[in-house]
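In: the following comprises the amino acid sequence and a computationally predicted model.
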Amino acid sequence: MADLFPDTLPEGSPPSEPRADAPLADRLRPRTLEEVVGQEHLTGPEGAIGRMVAAGRLSSMILWGPPGTGKTSIARLLAAAVGMRFEAVSAVFSGVADLKKAFAAADKAAEAGQRTLLFVDEIHRFNRAQQDGFLPFVERGTVTLVGATTENPSFELNAALLSRAQVLILHRLDAAALEKLLERGEELEGPLPLTAEARSALVASADGDGRFLLNQAETLYAAKIEKPLGPAELGSFLQRRVAVYDKDREGHYNLISALHKSLRGSDPQAALYYLARMLTAGEEPLYVLRRLVRFASEDIGLADPQALVQCLAAKDAYDFLGSPEGELAIVQACLYCATAPKSDAAYRAQKASWRSAKETGSLMPPQNILNAPTKLMKDIGYGKGYAYDHNSEDAFSGANYWPEEMEPQTYYAPAERGFEREVLKRMEWWDKRRRELRGE
C-alpha cells in the first residue's frame, strides 16, 4: 500500500494526520512506538529499539520481518522519538539519482545541525553496487540508515553493510496483536458485522499481516452488511491471504528444511504439514519428489531399501497422473520415509570414501584384481593369483582388494536398525571368515 505520509519530515516532528478518506490501515498507523503492536520485544523498555530511544541515539539498523508487521511505522516513529529529520526512499521506485539527492539533502541538513534518518524500504532490491553506495555516508554519520526487508539479510545484503548495521527481527503478528488492531478499527468504524467464530476466522485468514487484516475489515465496513456473517459466509465474501512463499527465497528453504528434519525425526504428521504447506503454496511437486528421493538415500539408506523404490515410484506416478491425482503418491512416499527406520550410514560412508579417494590419489589396486586383456599385461603380472569367489566355499575367497600401500579402511558401518541389522550380520560373518582364511 502506498504511504500517505510525506517522505520528508522536519526534525522531531511526529507523522502528520492522514486524510479522513485514507485507507483504514493508514488512519490506524501508530502515533508513538508504544502503540506499535506485536513487536514489544524490540520497542519495549528492554528491547533494542526501546533502549536506543531512551539513550536518545540511534545506530543504523535493518528491520527484517514479514509484510504488514510495522517496519515502516517503526522507522517513522523512531525519527520523531529521537528528534531526527526523516527521509524515505524505496528500492522499488528509486535509483542512483534519488539516493544522491537524499545524501545531498542529508549533508545540507547536517550543516544546519539536523541529523537524518534515511529509511530505505525493500532495501534488498538494491543491487550490491548500490548497497555499497550507502557505506561512506553511514560511516561518516551523514545518515542513520534504517532499512526494511522481508528477505533474509544474510542472503540479500552485502556483508560490509551488515557489519555497520544491527539486524532487528520483527515477528509475524500473533492473534492477540491482530485482535488489538481490529479493536482499534472498531473504535473508528464501529463493530464488525461478524459472529465470534467468523471474527476468529478473519484473524486467522490474515496470516500475521496486520495491513491485510485491516484492509479486509475495511471491505466489510464498505459492504454495509446488516446481519453478522458466520465463518462460511465470511469465507465466501472475503479471500484468504495467500501464504508468503517465494520459490527462490528463504520461505522455500525454511519449509524444505522443516520437511526434511520432520522426516528424519520420524514425525509423519509434521512432515505432512510441511509437505502441504509447500504444495498448496505452489511449490513444484517434482522439486519435493527430488528432495524425498535424496532423503531416502541420505537418512534411510539400507535400513529400508524400499524407501528409495517408493520415492521413485511416486515420481513415476506423478509423471503419469499429473496434479492433483498424482500428489497422493507424493503423500505416500512422504509417509513411508517418515515411518521407515533411519540410518545415515550410507551417507557417512560416501563422505568418508570420497575423502579417502582424494587423499590417496592414484594408488594402483593390487595386481591380482587388475584386468589383463593382453599378453603383455599377463606377462607383467596383471590378474595373477586372482581367486574367483564363486569357486570358493560359500562363494567367498577372503582375498585382499586394497592397494598395497594402503591399510584396509572402514567407511560403511551399518546401524542395528531395520534391514541394516541383516547387512551388519553379513558383514560380521565375512570379516570373521576373512580372518579365518588368513589364519588370524
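Out: Alright, I've got the coordinates. Numbering: from 1, shown residues only.

In: C-alpha from now on. contacts and neighbour counts both.
Out: OK.

In: Ala110 against Thr144, yeah?
Out: No. With contact defined as Cα atoms under 8 Å, Ala110 and Thr144 do not form a contacting pair (11.7 Å).

In: give the next helix or strand downstream of the worst-scoring helix or strand of the chain on mean pLDDT.
Out: Using mean pLDDT, DSSP states H and E, the weakest-scoring helix or strand in the chain turns out to be strand 8-9, at a mean of 53. Sequence-wise, the next helix or strand downstream of strand 8-9 (DSSP states H and E) is helix 24-27.

In: residues in contact with whatever helix or strand comes next after that next one?
Out: On the C-terminal side of helix 24-27, the nearest following helix or strand under DSSP H and E is helix 40-43. Residues from elsewhere that reach helix 40-43 (Cα atoms under 8 Å, 6 or more residues apart in numbering): 33-34, 36, 47-50, 168, 170.

In: give me the buried entries from those.
Out: Buried residues within the contacts of helix 40-43, counting neighbours by 16 or more other Cα atoms under 10 Å: 33, 36, 48-50, 168, 170.

In: CSV for those, including distance to Thr72 and secondary structure?
Out: Formatted as CSV, the buried ones among the contacts of helix 40-43 follow (distance: Cα to Cα, whole Å; DSSP: H, G, I helix; E, B strand; the rest coil):
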residue, distance to Thr72, secondary structure
Leu33, 12, helix
Val36, 11, coil
Ala48, 17, helix
Ile49, 14, helix
Gly50, 16, helix
Leu168, 13, strand
Leu170, 11, coil
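
In: of all those residues, which comes closest to Gly439?
Out: Leu168 (67.8 Å; Cα to Cα).

In: point out where this structure drops to low pLDDT.
Out: Scanning the chain with the threshold set as pLDDT under 70 gives 1-18, 239-250.

In: go again with 50.
Out: 1-6, 12 (pLDDT under 50).

In: got the domain ranges for it?
Out: Listed by automatic domain parsing, the domain ranges of the chain are 8-169, 175-237, 250-339, 367-437.

In: give me the common contacts of Ala110 and Thr144.
Out: Shared contacts of Ala110 and Thr144 (Cα under 8 Å, 6+ apart): Thr116.

In: pretty sure Ala258 sits against Tyr274.
Out: Yes. Between Ala258 and Tyr274 there is a contact at 6.7 Å, judged by Cα under 8 Å.

In: can you tell me how far Tyr253 is from Glu420?
Out: In this structure, Tyr253 and Glu420 are 31 Å apart, going by Cα to Cα, to the nearest Å.

In: try Leu321
Out: Distance, Leu321 to Glu420, by Cα to Cα: 34 Å.

In: quick one: which of these two has more around it?
Out: A side-by-side neighbour count of Leu321 and Glu420, using other Cα atoms under 10 Å, places Glu420 first with 23 against 13.

In: so that one sits right up against Pro305, yeah?
Out: No. Judged on Cα under 8 Å, Glu420 makes no contact with Pro305 at a distance of 9.1 Å.

In: what is in contact with those two at once?
Out: Counting by Cα under 8 Å, 6+ apart, nothing touches both Glu420 and Pro305.

In: so what's Ala413 up against?
Out: Remark: with contacts taken as Cα under 8 Å, 6+ apart, Ala413 is in contact with 345, 349, 424.

In: the same query, at a cut-off of 7 Å, please.
Out: Ala413 sits next to Ala345 when contact means Cα atoms under 7 Å, 6 or more residues apart in numbering.

In: what about the strands in this structure?
Out: 8-9, 61-64, 85-90, 116-121, 144-149, 166-169 (DSSP state E).

In: so which of those is the most surrounded?
Out: Ranked by mean neighbour count, the strands of the chain are led by strand 116-121 with a mean of 27 (mean count of other Cα atoms under 10 Å).

In: that one: how far from the chain's middle?
Out: Distance, stretch centre to chain centre, for strand 116-121: 27 Å (Cα atoms, centre = their mean, to the nearest Å).

In: nearest to Pro341 among the buried ones among the contacts of helix 40-43?
Out: Set against Pro341, the nearest of the buried ones among the contacts of helix 40-43 by Cα to Cα is Leu170 (39.0 Å).

In: remind me, longest helix of the protein?
Out: Ranked by residue count, the top helix of the chain under DSSP state H comes out as helix 420-437.

In: just the buried residues of that one, please?
Out: Going by neighbour count (16+ other Cα under 10 Å), the buried part of helix 420-437 is 420, 422-424, 433-434.

In: any chance of those residues in CSV with distance to Gln131 as columns?
Out: Below are the buried residues of helix 420-437 laid out as CSV (distance: Cα to Cα, whole Å):
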residue, distance to Gln131
Glu420, 53
Glu422, 58
Val423, 56
Leu424, 56
Arg433, 66
Arg434, 64
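
In: nearest to Leu292, out of those: which one, please.
Out: Here the nearest of the buried residues of helix 420-437 to Leu292, counting by Cα to Cα, is Glu420; it sits at 19.9 Å.

In: contacts only, for the closest residue to the closest one other than its chain neighbours.
Out: In this structure, Glu420 finds its nearest non-sequential neighbour in Ala303, 4.5 Å apart by Cα to Cα, 6 or more residues apart in numbering. Ala303 sits next to 341-343, 417-420 when contact means Cα under 7 Å, 6+ apart.

In: near the spatially closest residue to Gly208 that is not a sequence neighbour, how many other residues are there?
Out: Leaving aside its sequence neighbours, Gly208 sits nearest to Leu173 (Cα to Cα, 6+ apart; 4.4 Å). Leu173 has 22 neighbours, counted by other Cα under 10 Å.
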